[in-house]
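Undergrad: no sequence on this one, just coordinates:
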């Protein structure tokens, strides 16, 4: 009889645990600081690593680009007139993910892209290292990225400046992220999670400064134009349909190499006006003329040209 009672107690405990655990797990999810967005038809679009441009797969580029696109066919994004200069602090969120949680998605040079962005901000534009938040590889999870944006939002003021840089994979899908688009784009974080364009738009809502520069070196990055707002410049490596590439011979993503390393850091983009400074628009023009086959895109709502 005693054994039967003990067995009954054990069964009762197991039943209670089986009922409670799902509730606990659900409660944990519901109280997450950054609840996930519902999405369907999600596709990770891999950035492509090439030995050099001779190995570029024209078929891969394919339908994303119109026939006859050649360098130099676009007008200049730079006006030659520098807008209001920053008078406050400068902040930057710099993200580079070459090592993903799923090894099948690893890249080679995205962390090097981020390092180049950081050193360029410090060496060429006087950013204080203490104000640059570096999220490399395993540190660049979904929560970490969104938490860092929230942190900077709590620090920045009206006269300050903010830079957001991402190098990694892009994502497409149909996401319930609060915007009007049928098809959405996202960035892929280290933990194989996504931050949709509508989520980024929401994360940057309420910033006091009207000096924010975004740089996206990933596939389908042209869809990040949803972040457009007065005072912002959004530089995107390709169109909403296009692919982004990194090259062994450069040791960087093509867009980052030409916009940041060559255009800004090496000063090669100072060709429009030869005034000794490189604005964001000048650097973008330089990258677009060299990475023309990616069809880089820009949304520029800053008055005149933005000097970081």
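TA: Now that the structure is in, tell me what you want to look at. As the structure is a prediction and not an experimental result, all values here were calculated from the model. Numbering: from 1, shown residues only.

Undergrad: Helix or strand for residue 199, just tell me which one.
TA: Assigned by DSSP states H and E, residue 199 belongs to helix 197-203.

Undergrad: For residue 195, give me its contacts.
TA: Each residue near residue 195 by Cβ atoms under 8 Å, 6 or more residues apart in numbering is listed here: 142, 145, 146, 186, 187, 189, 203. Quick note: C-beta positions are derived from backbone N, CA and C, even for glycine.

Undergrad: Next, check the residues you listed against the helices and list the overlap.
TA: Within these, membership in helices is found for 142, 145, 146, 203, as judged by DSSP state H.

Undergrad: Let's have those residues in a markdown table, adding neighbour count.
TA: Shown next, in a markdown table, are the ones in helices among the contacts of residue 195 (neighbours: other Cβ atoms under 10 Å):
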| residue | neighbour count |
| --- | --- |
| 142 | 20 |
| 145 | 27 |
| 146 | 18 |
| 203 | 21 |
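
Undergrad: In the protein, mark out all the strands, start to finish.
TA: 39-45, 48-50, 90-96, 132-136, 161-167, 170-175, 184-188, 194-196, 212-217, 232-236, 245-247, 252-253, 297-300 (DSSP state E).

Undergrad: Mind pulling up the pLDDT for the residue nearest to residue 220 when sequence neighbours are not counted?
TA: Computed as Cβ to Cβ, 6 or more residues apart in numbering, the closest residue to residue 220 that is not its neighbour in sequence is residue 170, at 4.1 Å. Among the per-residue scores, residue 170 shows a pLDDT of 98.

Undergrad: Can you name the residues that contact residue 170?
TA: Counted by Cβ under 8 Å, 6+ apart, residue 170 has contacts 44-45, 47, 185-188, 216, 218-221, 244.

Undergrad: Pairing partners for it in the sheet, please.
TA: residue 45, residue 187 (DSSP bridges).

Undergrad: Number of residues surrounding residue 205?
TA: 10 (other Cβ atoms under 10 Å).

Undergrad: make that residue 289, sorry
TA: Residues near residue 289, counting by other Cβ under 10 Å: 18.
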